[in-house]
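K.L.:
Just need the structure, nothing else, for what follows:
(one chain, ligands or ions: 1)
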Amino acid sequence: MLFKKVLVANRGEIAVRILRACRELGLETVAVFSEADRNALHVRYADEAYLLGPAPSRESYLRADKIFDVAKRSGADAIHPGYGFLAEREDFAAKCAELGITFIGPKPSAIAAMGDKGKARATVIKAGVPVVPGTEDVGNMTNDDLLRIAPTIGFPLLIKATAGGGGKGMREVRSLEEMPTLLASARREAESAFGDGNVYLEKLIEGARHIEFQIMADEQGNVIHLGERECSIQRRHQKLVEEAPSPFLDEELRKQMGDVAVKAAQAVNYVNAGTIEFLVDKDRNFYFLEMNTRLQVEHPVTELVTGIDIVAEQLRIARGRQLSYTQEQVQFKGHAIECRVNAEDPFNNFIPSTGRITHSIIPTGPGVRVDTGVYPGFEITPFYDPMIAKLIVWGETRAQAILRMRRALEEYRIVGVRTNIPFHQTLMDSHRFMGGQFDTRFVEERFSMEAASEIDEAQAEIAAILATLVSHKETERSAQIVRGNERDTSNWKWVGRWERMHR
Ligand code: MV4
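P.N.:
As a prediction, this is how the structure comes out:
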């Protein structure tokens, strides 16, 4: 449906990202904000901005009624939900339709079909999509049912919440004996997190990689994929680094998985941007995990390797236009890596860090993109996600992308809050990361800030490996690593130098 004024029902970097796409397309924009976000970038960037309410999300960004009220007052005829908040709420998308507002995303029926993970499994199985062996019934199963089926699946297995995603309500089960206790605690956790204690079972795939495919689909029934993103570098179900392509896939497996991803999306008549998540085991077997029916945080890595503006494409699709590309026209070039910059202390168990950002130097230059919603003077509060920026780089090869990321991380200076930039620097120096040898357990089980911050000898070796990978004769001097408390003072020094240089 045609629209000309877009309300962005979100905050932070993604709100800014969406507003930029609207601006380029000549669409009018409306921002909404909480009391904590009066001075936020998305508020300044939009044509108009409206206060929703107090800082807590429940009283602001999650208040569908207030958002619809703003749409009415401002005359917005479309809503982009971004990610999180209301993005995957079937009732929100349905209410938009009822009010004659274009929801920039999939149909409510697709959100619902993929939102219930048990239903999603059953639906894609029918379409011939491989899933992890497990329960196949839809609807609520009793503990007796589950205890009876468990041995036929085999141990170890996983209890998962049907309303779930993100690891909430998930339990590893090693034997039938421990299962009743774990069922009870999984149900309790799911009930409190989602208001729904229903669970299902899957065989546990150990040491798997997490690889997802970007889907784009239009209202005419065309469905394509934009290749994969490797998302195995995560901690406690929070992704930290994503890259495209995955160092683990070859052309043949990519084609197979891409075809299956398209089939899974078709199974729910998907429209707009979405993501099919897979687990890929050591033997390269792949299994559908779930579908995310929204634009994702990590979409920029796909944009950098395909040259496709995913948000602009979402807006076109929502206006009823056909996809701008056929599957054959989607070409991949080079390698992209994204580091999520979080306001948290990697030297202190990643505890969130709050406070005012007083100074910053944002990396730029060839192949570097920074999507952020913060700036000097902005205060990081504990009310929202700790992600304050995404640093995304592109390189001709994976090794060149890693070198570029190291350079950009070195340039990045944020003063006022602690960030996980030192974590990313350590990761980019880690041999396993460089070699592409990691799975979803890597950060939690095999990675240590101490171990990887060994001294110059290791640094020289790392530089040599990278130099070889890039097949450059000259070895670049490796990144200086600033640790712990030193980082804050040294940032001051850098910022001082930078400002003198630019006077
Ligand atoms: C799994 C799995 C192993 N086997 N399912 C975690 C969150 C939810 N979206 C699915 N998750 C997993 N499901 C089976 N049958 C391992 C995980 C998992 C994981 C998946 C993706 C990314 C990171 C992860 C970290 C730990 C566990």
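K.L.:
Briefly note if stretch 429-441 comes near the ligand.
P.N.:
Yes. Stretch 429-441 reaches the ligand (CB under 6 Å from any ligand atom) through T440. For the C-beta atoms, the positions are set from N, CA and C on the backbone; glycine is no exception.
K.L.:
now do stretch 129-136
P.N.:
Yes. Stretch 129-136 is in contact with the ligand by CB under 6 Å from any ligand atom, via V132.
K.L.:
Format the CA atom coordinates belonging to that stretch as CSV.
P.N.:
C-alpha atoms of stretch 129-136 as CSV (Å, rounded to 0.1, in the frame of the first residue of the first chain):
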residue,chain,number,x,y,z
VAL,A,129,12.9,-28.5,5.5
PRO,A,130,15.4,-30.5,7.7
VAL,A,131,14.9,-29.9,11.4
VAL,A,132,16.7,-31.3,14.4
PRO,A,133,15.1,-34.7,15.4
GLY,A,134,12.6,-34.1,18.2
THR,A,135,8.9,-33.8,19.1
GLU,A,136,6.7,-33.1,16.1
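K.L.:
Flag every buried residue along it.
P.N.:
129-132, 134-135 (16 or more other CB atoms under 10 Å).
K.L.:
Export these as JSON lines, with columns for pLDDT.
P.N.:
Below are those laid out as JSON lines (pLDDT from 0 to 100):
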{"residue": "V129", "pLDDT": "98"}
{"residue": "P130", "pLDDT": "98"}
{"residue": "V131", "pLDDT": "98"}
{"residue": "V132", "pLDDT": "97"}
{"residue": "G134", "pLDDT": "96"}
{"residue": "T135", "pLDDT": "93"}
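K.L.:
from those, which is closest to K72?
P.N.:
Closest approach between the buried residues of stretch 129-136 and K72, by CB to CB: V129, at 40.9 Å.
K.L.:
so the closest one makes contact with K263?
P.N.:
Yes. The criterion here is CB atoms under 8 Å, and V129 meets it with K263 at 5.8 Å.
K.L.:
So in this structure, which strand runs the longest?
P.N.:
When the chain is scanned for its longest strand (criterion: DSSP state E), the result is strand 223-235.
K.L.:
Is there any residue in the helix or strand just after that strand that contacts the ligand?
P.N.:
Later in the chain than strand 223-235, the nearest helix or strand by DSSP states H and E is strand 238-244. No. Judged by CB under 6 Å from any ligand atom, strand 238-244 and the ligand are separated, with a smallest distance of 7.6 Å.
K.L.:
From the contact counts, what lies against strand 238-244?
P.N.:
strand 223-235, helix 299-306, strand 335-342, helix 421-428 (3 or more CB pairs under 8 Å, 6 or more residues apart in numbering; DSSP states H and E).
K.L.:
Run through the neighbouring helices and strands of the first one.
P.N.:
Strand 223-235 makes packing contacts with strand 209-217, strand 238-244, helix 251-266, helix 299-306 when contacts are defined by 3+ CB pairs under 8 Å, 6+ apart.
K.L.:
Could you check the angle it makes with helix 421-428?
P.N.:
110 degrees (axes from the mean of the first three to the mean of the last three CA atoms, to 10 degrees).
K.L.:
Can you get me the centre-to-centre distance for strand 223-235 and its chain?
P.N.:
In this view, strand 223-235 has its centroid 9 Å away from the chain centroid, taken as CA atoms, centre = their mean, to the nearest Å.
K.L.:
Check the second one too.
P.N.:
Using CA atoms, centre = their mean, the mean C-alpha position of helix 299-306 is found 13 Å from that of the whole chain.
K.L.:
Please save the CA atoms from that helix in PDB.
P.N.:
Presented in PDB, the C-alpha positions along helix 299-306 are these (Å, rounded to 0.1, in the frame of the first residue of the first chain):
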ATOM      1  CA  HIS A 299      21.800  -6.900   8.400                       C
ATOM      2  CA  PRO A 300      24.700  -4.600   7.400                       C
ATOM      3  CA  VAL A 301      27.100  -7.400   6.800                       C
ATOM      4  CA  THR A 302      24.800  -8.700   4.100                       C
ATOM      5  CA  GLU A 303      24.400  -5.200   2.700                       C
ATOM      6  CA  LEU A 304      28.100  -4.800   2.400                       C
ATOM      7  CA  VAL A 305      28.700  -8.100   0.500                       C
ATOM      8  CA  THR A 306      25.600  -7.800  -1.800                       C
END
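K.L.:
and it, average pLDDT?
P.N.:
Across helix 299-306, pLDDT averages out at 98.
K.L.:
Same check on the last one?
P.N.:
For helix 421-428, mean pLDDT rounds to 98.
K.L.:
Remind me what it packs against, helices and strands.
P.N.:
Helix 421-428 packs on strand 238-244, strand 335-342, helix 398-411, helix 449-452, going by 3+ CB pairs under 8 Å, 6+ apart.
K.L.:
If you compare the directions of that helix and strand 238-244, what angle comes out?
P.N.:
Using the same axes, to 10 degrees: helix 421-428 against strand 238-244 is 50 degrees.
K.L.:
how far off strand 335-342 does helix 421-428 point, in degrees?
P.N.:
150 degrees.
K.L.:
Kindly report the same for the first one.
P.N.:
Counting by the same axes, to 10 degrees, strand 223-235 points 50 degrees away from the direction of strand 335-342.
K.L.:
what about A120, how many residues close to it?
P.N.:
26 (other CB atoms under 10 Å).
K.L.:
Please disregard the earlier target; I meant G82.
P.N.:
G82 has 26 nearby residues by other CB under 10 Å.
K.L.:
Could you do the one 10 residues further on as well?
P.N.:
Residues lying near F92 (other CB under 10 Å) number 22.
K.L.:
and the one helix or strand it maps to, how far out from the chain's middle?
P.N.:
Following DSSP H and E, one finds F92 within helix 90-98. Offset of helix 90-98 from its chain centre (CA atoms, centre = their mean): 24 Å.
K.L.:
ok, and for it, which residues are buried?
P.N.:
90, 92-96.
K.L.:
Give me the three-state assignment for the closest residue in space to F92 that isn't next to it in sequence.
P.N.:
Using CB to CB, 6 or more residues apart in numbering and skipping residues adjacent in sequence, the residue nearest F92 is L86, 4.5 Å away. The three-state label given to L86 by DSSP: H, G, I helix; E, B strand; the rest coil is coil.
K.L.:
L86 and A64 touch, don't they?
P.N.:
Yes. L86 is within contact range of A64, at 6.1 Å (criterion: CB under 8 Å).
K.L.:
list residues touching both of these two?
P.N.:
F92 (CB atoms under 8 Å, 6 or more residues apart in numbering).
K.L.:
residues in contact with the residue positioned nearest the centre of the chain?
P.N.:
The residue lying closest to the centre of the chain (CA atoms, centre = their mean) is V297, at 3.5 Å. By CB under 8 Å, 6+ apart, the contact set of V297 is 14, 83, 239, 340, 387, 390.
K.L.:
Pull the number of nearby residues for the third one.
P.N.:
This points to K239. 20.
K.L.:
Can you give me the distance of the closest residue to it other than its chain neighbours to T142?
P.N.:
Nearest residue to K239 in three dimensions, chain neighbours excluded: C231, at 5.2 Å (CB to CB, 6+ apart). As judged by CB to CB, to the nearest Å, C231 and T142 stand 34 Å apart.
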